[in-house]
Every structure is written in C-alpha cells, then in structure tokens.
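>>> sharing a sequence plus its predicted fold:
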Amino acid sequence: MALPLTLVFILVGAVLVGAALYVVENMHSTSRHVVTETQLYNAAQSGIEKAKMVLWENRNDLKTDPLMYSGNITAIYAQKSNSTPLGPIQFTIDPGISVEVLIFDCNYELSAGSFSDLSDEERKLLPPRFPGGTGERTVVSSVPPLGTSAIMDPGRFYGGGAGERRFVIRSSASKDGKDFEIESMVVVRK
C-alpha cells in the first residue's frame, strides 16, 4: 500500500516541477524579449536625439530650395546649402546594437505625377510633404492647414512660422536580427 502511494506522490511532484519549470522558462523569455525591445527603443531614441543635434548645428546652413523626388529616397535627405547630405548617420551602442538614422527634408516635390501614381511601398517610405523653403509666411490663414489641430502651438499657423523648416527623422536600431524603428517630425527655426 505504501509503494503505490509513494509512486503517486512522486508522479504528482514531477508534474508540479514540470509546470513550475515551464512557468519560469516562459517568464524568462518574456522578460528577455521586453529587455531587448527596451534596449532597441532607447538606441533608436538616441538616434533621434543625434539627428536633432545635427540639424541644430547646421540650422543656418540648410538647403532651402525644394528637393526633387524621382524614385530615389536619398534625393530627399536633408542637405546643407552646398548639397552635402546630412545622413545617413550610423553608430553602434553597446551591447552590439547598430543604429541608422535618416533625416528627410519635408520640402520636396515629385518629379512627375502625384502621390496616387506611386506604389504603396514608395508612399510608406516618403515623409509628409510640407513645402515652403524658408518657412516664411506672408498670408495669414483663418484655418489651420489640413491634418493639424493648431492646439499645441497656434502661433505657428496663425501668423507664425517664419524661418521654420520641417524634417522627418527616421531612426532604426537592430540587434541579433531584431529591428525597431521610430520616426519623429521636427521643426527647426533659424
């Protein structure tokens, strides 16, 4: 009688140990995934901040003429007045996270056609258009531009905006085959 009861206790104990091992392994892999995602996000955010610094340092030497997109995304990288592009910016952060940052100028035109003529992939890659060169505003509008609320900074749309340039910063971080990308639009004033 004691032997079967002992075997039952050993069997139940083995099942409990197996379940506990499964839970611990699941928690470990989930925690590792969250840590990796956080590292990649922080690295990509560092790329955004580096690009902001590059834009700020070159704010008085940025090309103000509209750029022309003709199927090559590098044509709308932010440029200095001598047409030197400001990117891509590439660097590595420990432990082994590589970051690539692209800075796009929103003051661009399509070489032919309209956005509806572009493929879905091209439309996903392109930043929003915000034509305007130096950003000088001569006409004050009574309504904000489409797609904006003007709640955060109404002066920008109602008589403000002189000397402003708009850029999209796209930063991607990768580690061990995992990628994380964030994008931010910034306004640079002279």
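On my side now, so go ahead.
>>> got a pLDDT number for the residue nearest to residue 86 when sequence neighbours are not counted?
Leaving aside its sequence neighbours, residue 86 sits nearest to residue 78 (CB to CB, 6 or more residues apart in numbering; 4.5 Å). Bear in mind the C-beta positions are built from the backbone N, C-alpha and C, glycine included. The per-residue pLDDT reported for residue 78 equals 92.
>>> can we start the residue count at 35 from this point?
OK, 35 is where the count begins now, so the last one is residue 112.
>>> for residue 112, what are its contacts?
89, 96, 97, 119, 120, 121, 137, 138, 139, 201 (CB atoms under 8 Å, 6 or more residues apart in numbering).
>>> count of neighbours near the fourth one?
This means residue 119. Using other CB atoms under 10 Å, the number of residues around residue 119 comes to 16.
>>> which residues touch it?
Taking CB under 8 Å, 6+ apart, one finds 108, 111, 112, 113 in contact with residue 119.
>>> next one: the first one
Residues touching residue 89, when contacts are defined by CB under 8 Å, 6+ apart, comprise 96, 112, 120, 137, 201, 203, 220, 222.
>>> in the contacts of residue 119, which residue is surrounded by the most others?
residue 112 (25 neighbours).
>>> which residues in the chain form helices?
Assigned by DSSP state H, the chain shows helices spanning 36-91, 154-159, 188-191.
>>> including mean pLDDT and distance to residue 126, could the ones you listed go into a markdown table?
Shown next, in a markdown table, are these (pLDDT from 0 to 100; distance: least, CB to CB, whole Å):
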| stretch | mean pLDDT | distance to residue 126 |
| --- | --- | --- |
| helix 36-91 | 88 | 9 |
| helix 154-159 | 84 | 24 |
| helix 188-191 | 50 | 37 |
